[in-house]
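Peer 1: Okay, sequence plus prediction incoming.
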Amino acid sequence: VILLFTDYGMADPYVGQIKAVLARVAPGVPVIDLLHACPDFNAHAGAHLLAALARDIPAGAVFFCVVDPGVGSPRAAVVVEADGQYFVGPDNGLMSLIAIRAKQVRLWRIDWLPDRLSDTFHGRDLFAPIAGSLAQGAFPAEKLSPITRLEVVFADEDLGRVLYIDHYGNAWTGHRAGPLTQPDTAVRLNGQVLGYCRTFAEAERGRAFWHVNSAGLLEICANRARADELLGVRIGDRVELLVARDGRLH
Amino acid sequence: VILLFTDYGMADPYVGQIKAVLARVAPGVPVIDLLHACPDFNAHAGAHLLAALARDIPAGAVFFCVVDPGVGSPRAAVVVEADGQYFVGPDNGLMSLIAIRAKQVRLWRIDWLPDRLSDTFHGRDLFAPIAGSLAQGAFPAEKLSPITRLEVVFADEDLGRVLYIDHYGNAWTGHRAGPLTQPDTAVRLNGQVLGYCRTFAEAERGRAFWHVNSAGLLEICANRARADELLGVRIGDRVELLVARDGRLH
Amino acid sequence: VILLFTDYGMADPYVGQIKAVLARVAPGVPVIDLLHACPDFNAHAGAHLLAALARDIPAGAVFFCVVDPGVGSPRAAVVVEADGQYFVGPDNGLMSLIAIRAKQVRLWRIDWLPDRLSDTFHGRDLFAPIAGSLAQGAFPAEKLSPITRLEVVFADEDLGRVLYIDHYGNAWTGHRAGPLTQPDTAVRLNGQVLGYCRTFAEAERGRAFWHVNSAGLLEICANRARADELLGVRIGDRVELLVARDGRLH
C-alpha cells in the first residue's frame, strides 16, 4: 500500500497526476490519501504530523511524502526505511522525526534522473516512480545510494505549537501523549487556560478543552463548536502545558 | 464495495486513516467516498441524505456511516441490514430512515471492543473493522448481538428544510419527489416563492427555481448562478411546498 | 484506467455516485480523480486544461469529461478517440482541442438512452456507463454512431487568460510553452509586468514571477506567497506575453 502525505491539497490536479504515474508503475497497489492538507511549505509541522499519522500504519507500507518548497534547488531526494516502513521525499527535515524515533533506520539518496524531470513537480517525475517501485517490492537499488545521515534534521521533541486545524475547527498540536499530558494538566493558548475532557460528549457545549486525539497528539477542541474560532487559533500558535504541582499550575 | 458516508470532510486525515484500516481488513474491496460533507454533527440531515443516496446503490453494498458527535459516550454502535444493503455506525438516528423505509430489516448491536479503542475515533477503531468484515462477506457474528429496535429513530416524513448545499450553490431539501412535487407546485423559502423548471438549461439565466434532483429530492437552484447566494440559503432553512388547488397556492 | 475530469468538486456526492456506477460497470478498473475543480460551467477553460493534463497520460486511458451546463438540453453526447485515448462527455467544445491537436481522431455520437435518465445528472446515468464499457475494452458499438465532426469546437490557439488557480494561489494560463515563452519574455497581468524564474527556490521570497508549469502551461506564481492575492488574479483575467525584440518588450 502507498500512502500519500503532501501539501498538494485535494482540489488541484496534482494528486491525480501522482496517481496516474502510480497506476502505471505499480498497477494493483492500493493508494491512500493520508493527508494533502499539510500546512503549505511547512516541513517542520509536516514532520510532526507525519510521525504521528505513520504510527498506526503497519510495516511494509510506502509513504510518498512531499512538502517541497525547495523543488528544483539542489536539495537532495531521499528514501528512509524506518522500522520496516518506507518514506520517499525531499531531504528537508520532513522525514527526520520518523528517522530519529525509529529503532532501525536505513537511508538512501536518490541518484536517478528520470528521462523527463520538470522543474517544479518532482513528486510526479521523481518521487512517484521510486515510491511505486518500492510498493511493488522491487527495490530500485540502481537508483539509490546508501547514505549515513539526512541533511536536515529537526529536534525530536514535542512541538509546542498548533500544527494543523481540521475542518471541525479542532487544533492539533505537536505535544505527544505522555507524562505531562495528564487530566490535571492545563493548556495555555492565546492567553486562555483550558482544562481536560476525555471525549467531546463529556464537555460542556461550546466550551473549549484539550484532549489527546486519535493520533496521540494533544488537541484543542470544543463540543459542537469551532475551537479555532472560539480561541482565535492559527497554525503556528504557541501551546504551553501547565503541569499541576504543589497544588499550583507551572 | 464499501461506501463512506461521514461528516469527516475530505481535507483531514480521517478518511485516509479509515481507508488504511479497510485496506488491511478487506484487501481488494473497492472503497468509495460517497459523502464526507454531511453537515457536521447533524445526524438528522444525514439520515435524509443517506436514505436518498443509498437508493441507487445495489444490494450487497456496505455503508460506513459515521456522523457521531456522541462518540465516547454510551450511545450504542449498530449494524443495519436493509433490503440487502448493510449500514454500520452509531445508533443516533442516522440509519433510522433507511431502516424504516426498507421492506426487510435486521438489526444488531456491536458488542465487540477492539484491542485499542480511542476515545474520539470509533470510525477507525470500531466501525471500519466491522464494515471491512461485512464487505469481505465474513459476517462477524461473534461481535454482534441481534436487537429488535434502534434507540434513536427519526420520523419517516420528508424534512422540509435545507439539508445540504453543494459547491454550485444548489440547496438540497428533504422533500422527496411525489404527489406534492408537481410542475405547478411552488416552493417558499426565506420569503420568496419559486417555480419549477425541469433542467438548468430551461431556466432563465440567474433566476432561482426548484426541480427534483438526481437523488430524488427537491432542490433549489439557479441556472449558472448560486441559488444559495441569490436567496440567502443556509443549512436548516425551512422550505414549504405551495400546492395549486382551486387555482390558488396553498 | 479511467480518469475523471469535471467541475463536480470533491466535496459533493457526485463523484462518489459516478464511482459507484463505474465499480458496477467496470469492476477492477482503477479510477483516478484528475480534476474536479474545473471552473464551474466553463467548457472553454476546461478544454485547455483537459488538453494539457491529458498530454502526460498514456494511450488506452479513458477520460470521463463532464463540464455540462447544458445537461438536459438537446446538446449531443459524444465519444472522441484521439491518438489512442478515449474521451466521453457532452459535445460542448470541452473535448474539441483534444480532437484538433490529435494526429488520429475518431468520433461517435452516443445514441443510447439508459433505462433511467435523470434530467440533470447525465454523468451518472449516461456517460459513466459508456466510459466504464470503454475502460473494460468492450467497445459499445451498439450505443454509438460514427460522426464526422463535433458540433462545438474552440479555436486551437493558446488562451491568453487565467484558466485555473490552484490552492497555493498559482494561476495557470492557456499559454503553452513554445517559442514565445523564453526566459526573456515578460508577462503582463492586471497592469503588472512579471519576469521569469525557472523554479520557486530561485525567486525572491514573496515576489511574483512566471514559469512553465509541469503541465506545459505558462503559470503565474510566487515563492512562498499567493500570487493570486499579490496580483488580484481571478479566473478569466487576461495574460499578455511581452517578447523582447530590439532590446525592448513588445
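Peer 2: Done, it's in.

Peer 1: got a pLDDT number for the residue in chain A that chain C sits nearest to?
Peer 2: When scored by C-beta to the nearest C-beta, chain A has A:Gly72 as its residue closest to chain C, at 2.9 Å. Glycine gets a C-beta too; all of them are placed from N, C-alpha and C. Per-residue pLDDT puts A:Gly72 at 84.

Peer 1: Which secondary structure element is home to it?
Peer 2: In this structure, A:Gly72 is located outside every helix and strand according to DSSP states H and E.

Peer 1: what's it in contact with, if anything?
Peer 2: A:Asp119, A:Thr120, A:His122, C:Arg198, C:Thr199, C:Phe200, C:Ala201, C:Glu202 (C-beta atoms under 8 Å, 6 or more residues apart in numbering or on different chains).

Peer 1: Which is the succeeding secondary structure element to the one helix or strand A:Gly16 maps to?
Peer 2: Assigned by DSSP H and E, A:Gly16 belongs to helix A:14-25. Going down the chain from helix A:14-25, the next helix or strand is strand A:31-35, by DSSP H and E.

Peer 1: Break down chain A into its helices, ranges please.
Peer 2: Using DSSP state H, the helices of chain A run over A:14-25, A:43-54, A:96-101, A:122, A:128-135, A:227-231.

Peer 1: which residues touch the first one?
Peer 2: Counting by C-beta under 8 Å, 6+ apart, helix A:14-25 makes contact with A:2, A:4, A:6, A:8-9, A:29, A:31, A:33, A:36, A:64, A:121, A:123-124, A:128-129, A:131-133, A:135-136, C:1, C:3, C:30, C:32-35, C:53, C:56-58, C:61, C:166, C:214, all of which sit outside it.

Peer 1: repeat for the fifth one
Peer 2: For helix A:128-135, the external contacting residues (C-beta under 8 Å, 6+ apart) are A:1-2, A:18, A:21-22, A:24-26, A:29, A:62-64, A:77, A:79, A:86, A:88, A:110, A:112, A:114, A:139-140, A:143-144.

Peer 1: change it to 6 Å
Peer 2: By C-beta atoms under 6 Å, 6 or more residues apart in numbering or on different chains, the surrounding residues in contact with helix A:128-135 are A:2, A:18, A:21-22, A:25-26, A:29, A:62, A:64, A:86, A:88, A:110, A:140.

Peer 1: Mind telling me the two of the residues you listed farthest from one another?
Peer 2: Spanning the widest gap among those are A:Val29 and A:Ile110, at 19.3 Å by C-beta to C-beta.

Peer 1: who's more crowded, those two?
Peer 2: Neighbours per residue, other C-beta atoms under 10 Å in any protein chain shown: of A:Val29 and A:Ile110, the larger number sits with A:Ile110, 22 against 17.

Peer 1: which residues of chain A score low on pLDDT?
Peer 2: Along chain A, segments meeting pLDDT under 70 span A:247-250.

Peer 1: Spell out which residues of it are next to chain C.
Peer 2: Residues of chain A found near chain C (C-beta under 6 Å from any C-beta of the partner chain) are A:9-13, A:16, A:19-20, A:23, A:41, A:70, A:72-73, A:118-121.

Peer 1: most centrally placed residue in chain A?
Peer 2: Closest residue to the average C-alpha location of chain A: A:Leu50 at 2.2 Å, with C-alpha atoms, centre = their mean.

Peer 1: Which members of the contacts of helix A:14-25 are classed as buried?
Peer 2: A:2, A:4, A:6, A:8-9, A:29, A:31, A:33, A:36, A:64, A:121, A:123-124, A:128-129, A:131-133, A:135-136, C:1, C:3, C:30, C:32-35, C:53, C:56-57, C:61, C:166, C:214 (16 or more other C-beta atoms under 10 Å in any protein chain shown).

Peer 1: mind listing what the single nearest residue of chain A relative to chain B touches?
Peer 2: The nearest approach of chain A to chain B comes at A:Thr199, 2.9 Å away (C-beta to the nearest C-beta). Neighbour list for A:Thr199: B:Gly72, B:Asp119 [criterion: C-beta under 6 Å, 6+ apart].

Peer 1: Got the phi and psi for it?
Peer 2: Phi and psi for A:Thr199, reported as degrees, to the nearest 10, are phi -140, psi 170.

Peer 1: Would you quantify the distance from it to B:Asp115?
Peer 2: The gap separating A:Thr199 from B:Asp115 is 19 Å, by C-beta to C-beta, to the nearest Å.

Peer 1: same thing with A:Ile18?
Peer 2: Per C-beta to C-beta, A:Ile18 is found 34 Å from B:Asp115.

Peer 1: neighbour count winner among the two?
Peer 2: Between A:Ile18 and B:Asp115, A:Ile18 has the larger neighbour count (other C-beta under 10 Å), namely 27 against 5.

Peer 1: Please name the nearest non-neighbouring residue to the more buried one.
Peer 2: Using C-beta to C-beta, 6 or more residues apart in numbering or on different chains and skipping the chain neighbours, the partner closest in space to A:Ile18 is A:Ala128 (5.1 Å).

Peer 1: Please apply the same query to A:Trp210.
Peer 2: A:Val187 (4.5 Å).

Peer 1: just to revisit the earlier point, which of the contacts of A:Gly72 sit farthest apart?
Peer 2: A:His122 and C:Glu202, at 14.9 Å, using C-beta to C-beta across the contacts of A:Gly72.

Peer 1: Could you check which of the two is surrounded by more residues?
Peer 2: Using other C-beta under 10 Å as the criterion, A:His122 and C:Glu202 rank with A:His122 on top: 23 against 14.

Peer 1: nearest residue to that one other than its sequence neighbours?
Peer 2: That would be A:Val71: by C-beta to C-beta, 6+ apart, it lies 5.3 Å from A:His122.

Peer 1: cool, and A:Val78?
Peer 2: Per C-beta to C-beta, 6+ apart, closest to A:Val78 is A:Asp91, 4.5 Å.

Peer 1: Next up, the contacts around that neighbour.
Peer 2: A:Arg75, A:Ala76, A:Val78, A:Leu150, A:Glu151.

Peer 1: Flag every residue of chain A that's near chain B.
Peer 2: So chain A meets chain B at A:1, A:10, A:30, A:32-35, A:37, A:53, A:57, A:166-167, A:198-199, A:201, A:214, A:224 (C-beta under 6 Å from any C-beta).

Peer 1: How many neighbouring residues does A:Ile235 have?
Peer 2: Counted with other C-beta under 10 Å, A:Ile235 comes out at 16.

Peer 1: Can you verify my assumption that it contacts A:Pro39?
Peer 2: Yes. At 5.1 Å, A:Ile235 and A:Pro39 qualify as touching, with contact defined as C-beta atoms under 6 Å.

Peer 1: Would you mind grabbing the residues shared as contacts by those two?
Peer 2: Common neighbours of A:Ile235 and A:Pro39 (C-beta under 6 Å, 6+ apart) do not exist.

Peer 1: Buried ones in stretch A:140-159, by neighbour count?
Peer 2: For stretch A:140-159, using 16+ other C-beta under 10 Å, the buried residues are A:Pro140, A:Lys143, A:Leu144, A:Leu150, A:Val152, A:Phe154, A:Asp158, A:Leu159.
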